[in-house]
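1. Show me how the following folds:
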Amino acid sequence: MDPFLVLLHSLSASLSSSELTELKFLCSRRVGKKKLERVQSGLDLFSVLLEQNDLEPDRTELLRELLGSLRRHDLLRQLDDFEAGAAGGVPPRTPDLRAAFDIICDNVGKDWKRLARQLKVSDAKMDGIEERYPRNLMERVRESLRVWKNTEKEAATVACLVEALRVCRMNLVADLIEEDQQARRLQNGACPLLRYFHLSISITP
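-> Have a look, this model is predicted:
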């Protein structure tokens, strides 16, 4: 099956009935009333958007905006994985950046432009982001981070984000990211240690 359709099936299966209702409301200006009345699942809605050319594998802005409105970071990560796969694979550090993005999106609000400027996102890019997401502040934050990541490529690291946050005096957000990264390192390092511990017990006479 087409990878994009697989993604849409997965997203649809993860939506609650209340979330579907919210998505239908958000799409009410794009999709006719009769069509919306026939929508019984997320996949039904996505299919309508595909038919109307509002949604395509290489044009996922609307889908990203809809998922952002639901605050479904987990589904946004699935979309990120799809786009990264289409671009040639997911870099090893991607999970750490995703986690940092989630924390920033949850904790940086109206000051997002200050952070974006520190990350060297141009005013023109920020204006475009505001036009695409006029009613979704959190998605503006996420999109500005994506622009930075796509521009910097290999140089886009969690350390750079933390440094930019501290320059912007967003120290609480920087602390949250560092604490999350430390917890991840401990978790990743605990597995070999635990295996060694169990092995030591099993060979002790």
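2. how is this structure carved up into domains?
-> Under the assignment the TED database, the domains of the chain span 3-87, 95-189.
3. Contacts only, for the residue nearest to the spatial centre of the chain.
-> For the chain, the residue sitting closest to the mean C-alpha position, by CA atoms, centre = their mean, is residue 76 at 3.9 Å. Going by CB atoms under 8 Å, 6 or more residues apart in numbering, residue 76 touches 64, 67, 68, 142. Where you see a C-beta, it was placed from the backbone N, CA and C, and this is true even at glycine.
4. can you do 6 Å?
-> Neighbouring residues of residue 76 by CB atoms under 6 Å, 6 or more residues apart in numbering: residue 67.
5. re the thing from before, columns mean pLDDT on top of the domains of the chain, output as TSV?
-> Compiled in TSV, those are given as follows (pLDDT from 0 to 100):
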stretch	mean pLDDT
domain 3-87	87
domain 95-189	88
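6. Which residues belonging to stretch 4-23 are considered buried?
-> Using 16 or more other CB atoms under 10 Å as the burial criterion, the residues of stretch 4-23 that qualify are 4, 7, 8, 11, 12, 15, 19, 20, 23.
7. roughly how far is it from the heart of the chain?
-> Mean-position distance between stretch 4-23 and its chain equals 15 Å (CA atoms, centre = their mean, to the nearest Å).
8. and for that stretch, what are the contacting residues?
-> Stretch 4-23 is contacted from outside by 41, 42, 43, 45, 46, 57, 66, 70, 75, 82, using CB under 6 Å, 6+ apart.
9. And residue 2, how far from residue 50?
-> Counting by CB to CB, to the nearest Å, the separation of residue 2 from residue 50 is 11 Å.
10. do the same with residue 122
-> Residue 122 is 32 Å from residue 50, where distance means CB to CB.
11. wouldn't residue 129 be in contact with residue 141 here?
-> No. Checked against CB atoms under 6 Å, the pair residue 129 and residue 141 is beyond contact range at 9.1 Å.
12. of those two, who's got more company?
-> Each of residue 129 and residue 141 has its neighbours counted (other CB atoms under 10 Å); residue 141 has more, 26 against 22.
13. Is the more buried one within a helix or a strand, and which one?
-> Per DSSP states H and E: residue 141 is located in helix 137-152.
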